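In: Kindly return the folded structure for what I paste below:
(2 chains)
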Amino acid sequence: MFDFLMHPFMIRAILIGIILAISTSLISNYLVSSNQSLIGDGLAHISFTGVVIGVLFSNNPLYVAIPIAILASILIKLLMRSNKLHGDTAIGLVSSFALAIGFILISKSAGFNMSVESMLVGSIFSTKWSDVLYSGIISILVLIFILFSYQKLFTITFDSTYAKFSKIKEVYYDYALAALTAVVVVVGVQTIGTLLISAFIIFPAVSGSLIAKSFKHMMINSVIINVVVTIAGIIIGHFLSFPAGSTIIVLHGITFGVLYLFKWIRRIE
Amino acid sequence: MILSFDNVSVKKYDTCIIKDISFTVNKGDYLNIIGPNGSGKTTLIKVMTGLTKPTEGIVRFGDYKLGYIPQHLHNSKFVPATVYEVLKLSNLNKVKDSEIDAYLELMNISELKYHKMNQLSGGESQRVFIVRALLSRPDVLILDEPTSALDPGFRDKFYNYIETLHNNGMTIVHVTHDLSDGLRRGSKIIQLDQTIRFNGSFEQFQNYHEQHHAEKDGEHYHV
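Out: Residues are numbered from 1 along each chain as shown, chains lettered A, B, ... in the order given. Next comes the predicted model:
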């Protein structure tokens, strides 16, 4: 029954899935709570172009894609904070500009040897052990950041005005969270895919909050939901020959629907 | 000196919100800042709390800890935070659970300790934010229309407690447009309408008020 676990590609897929599920769900709680859900979507588009440039000019696309995504996340935050553009507008401008450059590069590069489809929907079954290592390192960075900044991030997310009054350097935490999101998204784009990674960031927190009794509870729920759904999505995807990334997001959608219905019924009762 | 304003002005897109404001808050003061809606009271408070920088003039801060009860609640409705989490985590100094319990008891909201903030009424939320300010153990308490969402029965109890804090040495800066709120003998009064119209004691304000009538812009001041 568990023969599929004998394949190294399956072990790698499940490991990378769990690692990404933990890091995205931890970040997810802060982004969704502070109305920044779409930043994951924008950064995914930028990462797409980052990976394209990485494939063309480097042996390891991550070395190029990560700095590009971090710079773009800082640019988006600068535009959002300038008061000249609304948050979503800044994300839309930067991400669509970057995505357009990515497609132009692909169309004009004869040596581009990566499937665009796999970049759009991900290819978690073709990851290498080095991808597991990179994801692990990035996840540890996210975990350290959240653990050491939990109190301040909570205050900023809950009441940014009070955070400013309390002399919390809210701007630094904002940039740090955006940069970390960018790094997680770059790794996620290769496995979950450009089109689906943003859902991997939005669903866990939204579903987790539906049955949460507190903010801490929401964080725990989101991690559990994301890990369980990811493992189930990878296994179901493998047996039914579905793209794993898409299966994970469909399961997230179903989980959200069931929890929403559960909450609605309980409210009626 | 707790803080002083020297010719402070704040402009927003060429519009002057407050103009040429100068005054000093000293330790132990009970200062009421009054004025009609749109007179610049909240902007003045934002400058006091460091949330807004003046476009002109100088603000000097003494080495005192400020506590702040805002007029509007800025909390995110999407965060399923409990009252306990907000009180425990919003204060960067360590807060004991017994202290939280005592203040919740004082504000008559002990039963709300594990309730989610986004399920509380306006008045209940405001009481939580009063507790949050008090838990920071401030030397100066800045209150921006603190009782706007409280029921009248609790207002008196609240102001009695503020008076007790003042009698124990806390400096109070209280902003209101309704002088039936917390105005007391011995306090100082600044009347604001973009710029300072009156700056003096409660007793001086009574005389000033009688001379200039109580009505302005539809506001009725009952002193």
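In: I'd say residue B:33 and residue B:173 touch.
Out: Yes. Using CB atoms under 8 Å, residue B:33 is in contact with residue B:173, at 6.9 Å. All C-beta atoms are positioned from the backbone trio N, CA, C, and that covers glycine.
In: How much space separates the nearest residue to residue B:104 once chain neighbours are set aside from chain A?
Out: Leaving aside its sequence neighbours, residue B:104 sits nearest to residue B:110 (CB to CB, 6 or more residues apart in numbering or on different chains; 4.7 Å). For residue B:110, the distance to chain A equals 17 Å [CB to the nearest CB, to the nearest Å].
In: For residue B:110, report the pLDDT, please.
Out: At residue B:110, the model reports a pLDDT of 93.
In: Who is the most centrally placed residue in chain B paired with across the strands?
Out: In chain B, the C-alpha nearest the mean C-alpha coordinate belongs to residue B:143, at 1.1 Å (CA atoms, centre = their mean). With DSSP bridges as the criterion, residue B:143 is bridged to residue B:69, residue B:174.
In: Quick check: phi and psi at the spatially closest residue to residue B:122 that is not a sequence neighbour.
Out: Closest residue to residue B:122 apart from its sequence neighbours, by CB to CB, 6+ apart: residue B:149 at 3.8 Å. Main-chain torsions, residue B:149, degrees, to the nearest 10: phi -110, psi 0.
In: Residue B:149: how many residues sit nearby?
Out: 17 (other CB atoms under 10 Å in any protein chain shown).
In: That one is in contact with residue B:125, isn't it?
Out: Yes. Assessed by CB under 8 Å, residue B:149 is found in contact with residue B:125 at 7.4 Å.
In: Can you name the residues of chain B that neighbour chain A?
Out: B:49-51, B:66, B:68, B:70, B:73-76, B:78-82, B:84-86, B:89-90, B:92, B:114, B:116-117, B:132 (CB under 8 Å from any CB of the partner chain).
In: switch the cut-off to 6 Å
Out: Contact residues, chain B versus chain A (CB under 6 Å from any CB of the partner chain): B:49, B:51, B:68, B:74-76, B:78-82, B:85, B:89-90.
In: in what helix or strand does residue B:138 lie?
Out: Using DSSP states H and E, residue B:138 sits in no helix or strand.
In: which one is it nearest to, not counting chain neighbours?
Out: Of all residues not flanking residue B:138 in the chain, residue B:67 sits nearest, at 2.9 Å (CB to CB, 6+ apart).
In: Which positions within the helix ranked longest in chain B qualify as buried?
Out: Looking across chain B with DSSP state H, the single longest helix is helix B:152-167. Neighbour-count burial for helix B:152-167, counted by 16 or more other CB atoms under 10 Å in any protein chain shown, picks out B:155, B:158, B:159, B:162, B:165, B:166.
In: CA atoms only: put it into CSV for me.
Out: Presented in CSV, the C-alpha positions along helix B:152-167 are these (Å, rounded to 0.1, in the frame of the first residue of the first chain):
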residue,chain,number,x,y,z
PRO,B,152,-23.0,56.8,30.4
GLY,B,153,-23.0,54.7,33.5
PHE,B,154,-19.5,53.5,33.1
ARG,B,155,-18.1,57.0,32.1
ASP,B,156,-18.3,58.3,35.6
LYS,B,157,-16.6,55.2,37.0
PHE,B,158,-13.9,55.6,34.3
TYR,B,159,-13.3,59.3,35.1
ASN,B,160,-13.2,58.6,38.8
TYR,B,161,-10.4,56.0,38.1
ILE,B,162,-8.5,58.5,35.9
GLU,B,163,-8.8,61.0,38.8
THR,B,164,-7.3,58.5,41.2
LEU,B,165,-4.4,57.8,38.8
HIS,B,166,-3.9,61.6,38.6
ASN,B,167,-4.0,62.0,42.4
